[in-house]
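> my questions are about this predicted structure, shown below with the sequence.
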Amino acid sequence: MTDAKNDDARRVPAGKSRVWNYHPALPISMSPVFDLPPKPRAALSWLLGTWLRLTPPVSHMFFAVMAYAFLWPAMPAMQEFSWGWIAQICAINFGATVLLASALHLYLFVYSQQDMRLKFDIRPMEKSPRFTFSNQTWDNIFWTLVSGVPIWSAWMVLYFWVGANGWVPTMGSISAAPFWFVAFFFIIRFWQSFHFYWIHRLIHIPWLFKNVHHLHHRNISVGPWSGLAMHPGEHLLYYSGILIHFVLPSHPLHVIFHMFALNLGAVYSHSGFDKVLVRNRETIKAGSFHHQLHHKYFECNYGSEEIPLDRWFGSFHDGTEAATTYIRARKKRLAAKG
Ligand SMILES: [Zn+2]
Ligand SMILES: [Zn+2]
């Protein structure tokens, strides 16, 4: 089902369908980095291509560099717990989240600057009693700002306190290990995908799904604020990807970039639109159809495009109707197992 010949036969061009207002070309592609036999040229072009056009990782890097260069507390100041630097980190995180999520929400949903063009799901944001305040947007803003940003900030405060005291391996300067400095940004991207897959599978265990992850899955059609609308238990796990920096030597910029990628990345990936159009021109890749399929069909695409873990473990939905039939059968099998 996954070889190139079959993919050619099943190819569906990007556009509208019975199910979607817009879908990208199907079957959706994954990163070629883990393809067998290896495709080094395709892998390299995929890895570098991300940085050569306006993509969410470029945006995360911009936010991270700005925050680190102009706003971040100095390392020595973070050796002692004090409300000053803790509040400073909280304010930066709060500001970055509100800035990006509000900008995308206002542009795409309130002022509808690209109408329905490139929007995956036909439905608008919902007003339904299944949401807190019976309103999807307010529900999403509430869980993002009241639980998401504080828990995200708490993980960062913990890391920087420990890092400033030298209790974990840190990189004092870039010139000490320039190769590692660059390489780690690439590693972070794969680590994020790997970590997300496993914590996501964990919270799909029925008890955890019912009591924790269900809150995020109330969103079927999603918007920028939906990405971080999670239960506090899920936030705690989601941001625990930071633990890699307690083990591997990290520069503050690695940590800030990684944490911004987790937070702002979810804002982009749940934007509900494949790309943002400015004056009809594609400006930035935004939504993830891979994850949009997860919100529609639940028991598929637990990971992300970087590592094909879903393909390896039989839960990959590539967007085609054949995949929908396969995933529905899988869901029935899982339900029968209880
Ligand atoms: Zn989601
Ligand atoms: Zn899920």
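Thanks, I have the structure now. Ligands and ions are numbered 1, 2, ... in the order given.
> which residues does Gly15 form beta bridges with?
In this entry, Gly15 is beta-bridged to His23, by DSSP bridges.
> would you confirm that it contacts Asn21?
No - in this structure Gly15 lies outside contact range of Asn21 using CB atoms under 8 Å: 9.8 Å. (C-beta placed from N, C-alpha, C; glycine too.)
> looking at this structure, which helix is longest?
Identified as the longest helix of the chain according to DSSP state H is helix 178-202.
> whatever helix or strand comes next after that helix: which residues count as buried?
The C-terminal neighbour of helix 178-202 among helices and strands, as given by DSSP states H and E, is helix 206-208. For helix 206-208, a neighbour-count test (16 or more other CB atoms under 10 Å) marks Leu208 as buried.
> how far is helix 206-208 from where the chain is centred?
Mean-position distance between helix 206-208 and its chain equals 22 Å (CA atoms, centre = their mean, to the nearest Å).
> average pLDDT for the helix or strand that it is followed by, rounded please.
Once the chain leaves helix 206-208, the next helix or strand it forms, by DSSP H and E, is helix 214-217. Here helix 214-217 scores 98 as its mean pLDDT.
> pull out the buried residues from helix 214-217.
Buried residues in helix 214-217, counted by 16+ other CB under 10 Å: Leu215, His216.
> so what touches it?
With CB atoms under 8 Å, 6 or more residues apart in numbering as the test, helix 214-217 has contacts from Trp143, Phe209, Ser226, Ala229, Met230, His231, Glu234, His295, Phe298.
> between the residues you listed, which is nearest Asp115?
Ser226 (19.8 Å; CB to CB).
> residues contacting the residue lying closest to Ser269 once chain neighbours are set aside?
Using CB to CB, 6 or more residues apart in numbering and skipping the chain neighbours, the partner closest in space to Ser269 is Ser288 (4.1 Å). Applying CB under 8 Å, 6+ apart, we find Ser288 in contact with Tyr268, Ser269, His270, Ser304, Glu305.
> what about the helices in the chain?
If DSSP H is used as the criterion, the helices of the chain fall at 4-10, 40-52, 56-66, 83-105, 136-143, 149-164, 178-202, 206-208, 214-217, 232-238, 252-269, 289-297, 309-312, 321-337.
> turn those helices into TSV, columns for distance to Thr283.
As requested, the helices of the chain are exported to TSV (distance: least, CB to CB, whole Å):
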stretch	distance to Thr283
helix 4-10	29
helix 40-52	15
helix 56-66	11
helix 83-105	12
helix 136-143	23
helix 149-164	26
helix 178-202	22
helix 206-208	38
helix 214-217	27
helix 232-238	28
helix 252-269	12
helix 289-297	18
helix 309-312	29
helix 321-337	30
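> mean neighbour count, those helices: which tops it?
helix 252-269 (a mean of 24; mean count of other CB atoms under 10 Å).
> what is it packed up against?
Using 3 or more CB pairs under 8 Å, 6 or more residues apart in numbering; DSSP states H and E as the contact test, the elements touching helix 252-269 are helix 56-66, helix 83-105, helix 149-164, helix 178-202.
> out of those helices, which is closest to Leu47?
helix 178-202 (6.4 Å).
> mean pLDDT lowest where, among the helices of the chain?
Mean pLDDT is lowest for helix 4-10 among the helices of the chain, at a mean of 66.
> and for stretch 153-169, what's in contact with it?
Here stretch 153-169 makes contact (CB under 8 Å, 6+ apart) with 73, 75-79, 81, 85-86, 89-90, 93-94, 170, 239-240, 242, 245-250, 252, 255-256, 259.
> revised request: answer the last question for stretch 274-287.
Around stretch 274-287, the neighbours that count as contacts under CB under 8 Å, 6+ apart are 22, 24, 53-56, 59, 104, 107-108, 113-114, 117-118, 120, 222, 268-273, 289.
> mind checking how far Lys296 is from Asp274?
Lys296 sits at a distance of 15 Å from Asp274 (criterion: CB to CB, to the nearest Å).
> also Trp85?
Distance of Trp85 to Asp274, computed by CB to CB: 39 Å.
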